[in-house]
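Q: structure of the sequence below:
(one chain, ligands or ions: 1)
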Amino acid sequence: MSVVLEAKHINKYFKKPVSFHVLKDINFQIKKGEFASIMGKSGCGKSTLLYILSTMDTDYEGQLYLNNQLITGQERTHLSYLRNKHIGFVFQFHYLLSEFSVIENVMLPAKKLGEKSYPEIEHDAIEKLKMLNIEHLSKKRASQVSGGEKQRIAIARALINNPSVIMGDEPTGNLDSYNAQNIFNIFKQLSDEKGLSLLVVTHDEDFANKTDRIIQMGDGKILV
Ligand SMILES: Nc1ncnc2c1ncn2[C@@H]1O[C@H](COP(=O)(O)OP(=O)(O)OP(=O)(O)O)[C@@H](O)[C@H]1O
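A: As a prediction, this is how the structure comes out:
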């Protein structure tokens, strides 16, 4: 199966207040359609790693490949383009624009990418909202929907540019068990039926145990 994301010998140092080796020779691959979780104690480097993998942090040693293309060392505007086109994000907090409608929020990354017309983007957004069973919310303001619905809107927004990989930093961290299971089911369906790759940092063992693979981190290293 093809490799979507590959990290080779990733090392990261925080230089202030004192030099600190936070990520130590990280190597792994995520394949097409794979649903992987990252677990590990607080402070072991999970979020730091996710920031590097998602191309938001470029201050590291090692190489990162996205769809077999070396992205380490690419200039910022191109990185931003690659990120918007190939990587979708779902965070613990949804980061929706509360005064915008649901559909406007979902359309934003596609408008930024600028490769499709407004009606095409609107059509795509409706399709994603339907896929997540929240089409009926499309005209509501983002501030007027529930927490579980907000997270589904954030997933629709993450999917709008048909990325190769979705990255999540504790995407179910603010949800009750019913809504967390619902988000898990959506992710599982996306990986099984659409061949989407998912990499999710979580503290939720039940969630992680249901994913295809658990990447266990400890003290800046991958343990298994
Ligand atoms: N900007 C920074 N400067 C210096 N040290 C940092 C910085 N950001 C994070 N750290 C430290 O790096 C380590 C890893 O942090 P990180 O946020 O990646 O951990 P984590 O595994 O995601 O933790 P949690 O599960 O609590 O979210 C921690 O010891 C943290 O204090």
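Q: contact partners for the residue lying closest to E104 once chain neighbours are set aside?
A: With C-beta to C-beta, 6 or more residues apart in numbering as the criterion, E104 has its nearest non-adjacent residue at 7.5 Å, and that residue is L97. For glycine as for every other residue, the C-beta is placed from the backbone atoms N, C-alpha and C. By C-beta atoms under 8 Å, 6 or more residues apart in numbering, L97 lies in contact with 104-105, 108, 142.
Q: among the residues you listed, which are located in helices?
A: Among those, the members found in helices (DSSP state H) are 104-105, 108.
Q: just these now: which is nearest the ligand?
A: N105 (25.2 Å; C-beta to the nearest ligand atom).
Q: ok, that closest one - contacts?
A: 96-97, 142, 153, 157.
Q: which residues of this protein lie near the ligand?
A: 14, 20, 22, 40, 42-48 (C-beta under 6 Å from any ligand atom).
Q: is it possible to mark the buried ones in the residues you listed?
A: 22, 40, 44-46, 48 (16 or more other C-beta atoms under 10 Å).
Q: next, give me the two most distant ones among those residues.
A: V22 and G40 (12.3 Å; C-beta to C-beta).
Q: tell me the secondary structure at L50.
A: Here L50 is recorded as helix under DSSP: H, G, I helix; E, B strand; the rest coil.
Q: and it, how many residues sit next to it?
A: When neighbours are counted by other C-beta atoms under 10 Å, L50 registers 21.
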